[in-house]
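In: Only the shape, not the letters, is given here:
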DNA sequence: GTAAATTATGACAAATTTGTGAACATAGCC
DNA sequence: GGCTATGTTCACAAATTTGTCATAATTTAC
């Protein structure tokens, strides 16, 4: 049915670029606007925008106002981007029908997961949100992993990492790719940190741990 | 049998929007009117309105008058919206056959619960409104919880929270999600307040308290 | 076979998140 | 007005996760 269009609104071009990269990598068509005013114009000039991602803090017209104007005429799903320290303004959010909040900085995985969850919800194709492979079952909704029926206790990062591996079964993933997808975009540390997480994952996964292969000189691969 | 129609009457468009969002999310079709006069006209022009939600304070024709006019010809269930400070004119309400009052600000859970309770009552499909899981029985109608037959004394919020957990058994719920569903729409505070409620819930629930799991880095989950 | 590069591992430090008790606020009630 | 129950906030402790680093083990290139 063609690519779904997502409108990204943020005053920082760097942030727009970031969002665009993540989303277009997932097969979405991304439109950009640098403030609320441009966004509203663009929204109404363009057909079939499936979802809008709005930064709250913007000059000229802020996210709330933009949300309000779009909501006057459309029920398009809206995600608000907030900075970590921002006060919650649920009142506004509720009244405006905001569908989801994402706090900066976020990880690409989270971003994509939320976007897909919303689009799935709106399109009503309620598929179960689980990944499964040879006895390894990863349930994203419950945030739970079982191997051969047994529950495996994973930390948040471990869970995200395994999910990423399983989503890319058979694909060799460089450390850079992994960092760029599973870690927050403002993480600047050592890529070696992945090794440590892989180590823990492998040990927690018991025998199934060697499903995570080392690709020498490259990174890792799940299969 | 198609979507049930609910007529929402309030002079503030923001409030109408809010109600509409919550209700349409539950699968109702929502009609709007901005004052009593419009509401009455719309009510008689439209077939099969299953329920009316009326704000008390409105210009042109207030909620009481609108209620009176509708009642002259119809037994449709009516919910009155009152502001927190408003004196409740129970006498009038009784005489007019108001079915329920909801005080602003309300939480989405409450709104939906009342609406469904009334619709269930009127349509006579008297299903027991209880959630049950491994000895934990939560009776929404009676607003009572028992564990292994023993009565557990819960405060209002505790009850709502537990109900929300049980309705979403097995789903990892972020604090934001919980806040957005269980708390009033004008709640501005700290998400950590949930922790405190969870603490109390767990302790009141005794051994069953550990059915509420902590999902580290995410939120909570009931299972 | 040896050196260089890369990865695995364990220990530890730093950062984050959650649990908890107490203080504070508020509303309803006698 | 004072009481009491409920809800909220706060600060600090505890738990847990995450990141770093040194060292050992492994692989590759020559």
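Out: Yep, it's here. Please read these numbers as outputs of a predicted model, since none were measured by experiment.
In: Could you give the average pLDDT over stretch A:27-37?
Out: The pLDDT scores in stretch A:27-37 average 92.
In: How far does it stretch from one end to the other?
Out: 27 Å (C-alpha to C-alpha, to the nearest Å).
In: now that stretch, how far from the centre of its chain.
Out: Relative to its chain's centre, stretch A:27-37 lies at 16 Å (C-alpha atoms, centre = their mean, to the nearest Å).
In: How many residues are close by the residue of chain A found nearest chain B?
Out: Here the residue of chain A nearest chain B is residue A:156; by C-beta to the nearest C-beta that distance is 3.5 Å. C-beta here means a position set from N, CA and C on the backbone, and glycine is covered the same way. Residues lying near residue A:156 (other C-beta atoms under 10 Å in any protein chain shown) number 12.
In: Just the element for the nearest residue to it once chain neighbours are set aside, please.
Out: Distances taken as C-beta to C-beta, 6 or more residues apart in numbering or on different chains place residue B:217 nearest to residue A:156, at 3.5 Å, with adjacent residues excluded. Residue B:217 is part of no helix or strand, with elements assigned from DSSP states H and E.
In: Break chain A down into its domains, please.
Out: Domain segmentation of chain A under automatic domain parsing yields A:5-123, A:130-222.
In: sorry, back to before: these two touch, right, the residue of chain A closest to chain B and residue B:219?
Out: No - contact criterion C-beta atoms under 8 Å: residue A:156 and residue B:219 do not qualify, at 11.0 Å.
In: Point out where chain A drops to low pLDDT.
Out: In the predicted model of chain A, residues A:1-2, A:73, A:84-96, A:121-128 satisfy pLDDT under 70.
In: Around DNA strand C, pick out the residues from it.
Out: Contact residues (C-beta under 7 Å from any atom of the strand) of chain A with DNA strand C: A:192, A:195-196, A:198-199, A:202, A:214-219.
In: Buried among the residues you listed? Make that a ChimeraX selection.
Out: Of those, the buried ones can be selected in ChimeraX as follows, counting by 16 or more other C-beta atoms under 10 Å in any protein chain shown:
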select /A:198,219
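In: For DNA strand D, tell me which of the residues of chain A next to DNA strand C show up nearby.
Out: By C-beta under 7 Å from any atom of the strand, the members of those lying near DNA strand D are A:192, A:195-196, A:216-217.
In: hmm, which two among the residues you listed are most spread apart?
Out: Within these, A:196 and A:217 form the most distant pair, 19.0 Å apart (C-beta to C-beta).
In: Deepest-packed of the domains of chain A, please.
Out: Most buried of the domains of chain A by mean neighbour count (mean count of other C-beta atoms under 10 Å in any protein chain shown) is domain A:5-123; its value is a mean of 18.
In: So it, near DNA strand D or not?
Out: No - Domain A:5-123 is not in contact with DNA strand D by C-beta under 7 Å from any atom of the strand; minimum separation 9.8 Å.
In: Next, report how far that domain is displaced from the centre of its chain.
Out: Taking C-alpha atoms, centre = their mean, one finds domain A:5-123 lying 13 Å from the centre of the chain it belongs to.
In: Show residues contacting the longest helix anywhere in chain A.
Out: Ranked by number of residues, the top helix in chain A under DSSP state H is helix A:108-123. If you take C-beta atoms under 8 Å, 6 or more residues apart in numbering or on different chains as the criterion, helix A:108-123 is touched by A:4, A:6, A:19, A:22-23, A:26, A:28, A:50-51, A:53, A:77, A:79, A:99-100, A:102, A:126-127, A:129, A:140, A:160, A:163-164, A:180-182, A:185.
In: Please apply the same query to stretch A:25-42.
Out: Stretch A:25-42 is contacted from outside by A:3-11, A:13, A:16, A:19-20, A:23-24, A:46, A:49, A:52, A:54, A:58-63, A:65-66, A:69-70, A:112, A:115-116, using C-beta under 8 Å, 6+ apart.
In: Of those residues, which belong to strands?
Out: If you go by DSSP state E, the contacts of stretch A:25-42 have A:5-9, A:49, A:52, A:54 in strands.
In: What segments of chain A are helices?
Out: For chain A, the helices defined by DSSP H cover A:13-25, A:36-45, A:63-71, A:90-96, A:108-123, A:156-167, A:175-182, A:193-204.
In: can you give me the angle the fifth one makes with strand A:49-55?
Out: Relative orientation of helix A:108-123 and strand A:49-55, computed by axes from the mean of the first three to the mean of the last three C-alpha atoms, to 10 degrees: 140 degrees.
In: Just put the helices of chain A in JSON lines and tack on distance to residue B:106.
Out: Shown next, in JSON lines, are those (distance: least, C-beta to C-beta, whole Å):
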{"stretch": "helix A:13-25", "distance to residue B:106": "35"}
{"stretch": "helix A:36-45", "distance to residue B:106": "30"}
{"stretch": "helix A:63-71", "distance to residue B:106": "21"}
{"stretch": "helix A:90-96", "distance to residue B:106": "11"}
{"stretch": "helix A:108-123", "distance to residue B:106": "23"}
{"stretch": "helix A:156-167", "distance to residue B:106": "33"}
{"stretch": "helix A:175-182", "distance to residue B:106": "39"}
{"stretch": "helix A:193-204", "distance to residue B:106": "44"}
